[in-house]
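Asks: Whatever this is, show me its structure:
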Amino acid sequence: MIATRNEIVIVGCGRWLYGDDQAGLVAAESLLGMRLPDVRIYATESPAADIALIAADARMLIVIDAARAGAGLPAGDWRRIDYHQNRPRFFEARTPSAHTLSVATALEVADSIGSLPAEVWIYAIGAASAEAGAKVSPLVARAVQDVISAVRRDVIVWHQKHAELSHA
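Replies: Below you'll find the predicted structure:
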């Protein structure tokens, strides 16, 4: 289903079979149960194929995804990144992998066809392991809960801000 102009679209990305790479999917499923108003939530293992379509006409896109842990993002830590403000660094900072390229590609495609909203936030969670068949590590599971709380809070604040602007 395509978003309407008053909606936020949240996309949790990852792969169910690969340990901490499930983080975005787990977050999306938890957020789905919260029934946030004017929010559409998706979990996808194929962000490159899905994001451009499901973000069309949304006012805000939130992407939640695991990222390979490193010096800038330790395992179990997370960051909210404003995609439009950090776009060049977003692509330079990513260690190439099939998964990160698909998220980056999805955002590029959505932007090139005009379906990327003016506001795009990426919640990146530092992953310790993406071992096949593994569960989400306790460190990353705690970070997922923190991201869920942050996204919920940020969505409420975003709606309040935009409601005030539309009534001004």
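Asks: Against residue 71, how distant is residue 50?
Replies: The gap separating residue 50 from residue 71 is 31 Å, by Cβ to Cβ, to the nearest Å. To be clear about C-beta, it is placed using only N, CA and C from the backbone, and glycine gets the same treatment.
Asks: Those two - which one has more neighbours?
Replies: Applying other Cβ atoms under 10 Å to residue 50 and residue 71 shows that residue 50 carries more neighbours, namely 18 against 5.
Asks: Once you drop chain neighbours, what's closest to that one?
Replies: residue 44 (4.5 Å; Cβ to Cβ, 6 or more residues apart in numbering).
Asks: Please report phi then psi for residue 69.
Replies: Backbone torsions for residue 69, taken as degrees, to the nearest 10, come to phi -60, psi 150.
Asks: I'd like the distance between the residue nearest to residue 50 and residue 12.
Replies: For residue 44, the distance to residue 12 - Cβ to Cβ - is 7 Å.
Asks: Which one's more surrounded, the two?
Replies: When residue 44 and residue 12 are compared for neighbours, residue 12 comes out ahead with 30 against 21, by other Cβ under 10 Å.
Asks: what's the closest non-adjacent residue to the more buried one?
Replies: Nearest to residue 12 is residue 28, by Cβ to Cβ, 6+ apart, at 2.6 Å.
Asks: what's the burial count for that neighbour?
Replies: 23.
Asks: Let me know the secondary structure of it.
Replies: Counting by DSSP: H, G, I helix; E, B strand; the rest coil, the backbone at residue 28 sits in helix.
Asks: Residue 43 is in contact with that one, correct?
Replies: Yes: contact between residue 28 and residue 43 holds when scored by Cβ atoms under 8 Å: they sit 4.0 Å apart.
Asks: got any residues that touch both of the two?
Replies: 11, 12 (Cβ atoms under 8 Å, 6 or more residues apart in numbering).
Asks: shouldn't residue 73 be in contact with residue 67?
Replies: Yes: the pair residue 73 / residue 67 is scored as a contact, 5.8 Å apart, by Cβ under 8 Å.
Asks: who has more neighbours, these two?
Replies: Legend: neighbour count by other Cβ under 10 Å for residue 73 and residue 67, higher for residue 67 (28 against 19).
Asks: Phi, psi for that one please.
Replies: phi -130, psi 150.
Asks: Contact partners for the closest residue to residue 17 other than its chain neighbours?
Replies: Nearest non-adjacent residue to residue 17, counting by Cβ to Cβ, 6+ apart: residue 132, 5.9 Å away. Going by Cβ under 8 Å, 6+ apart, residue 132 touches 17, 18, 19.
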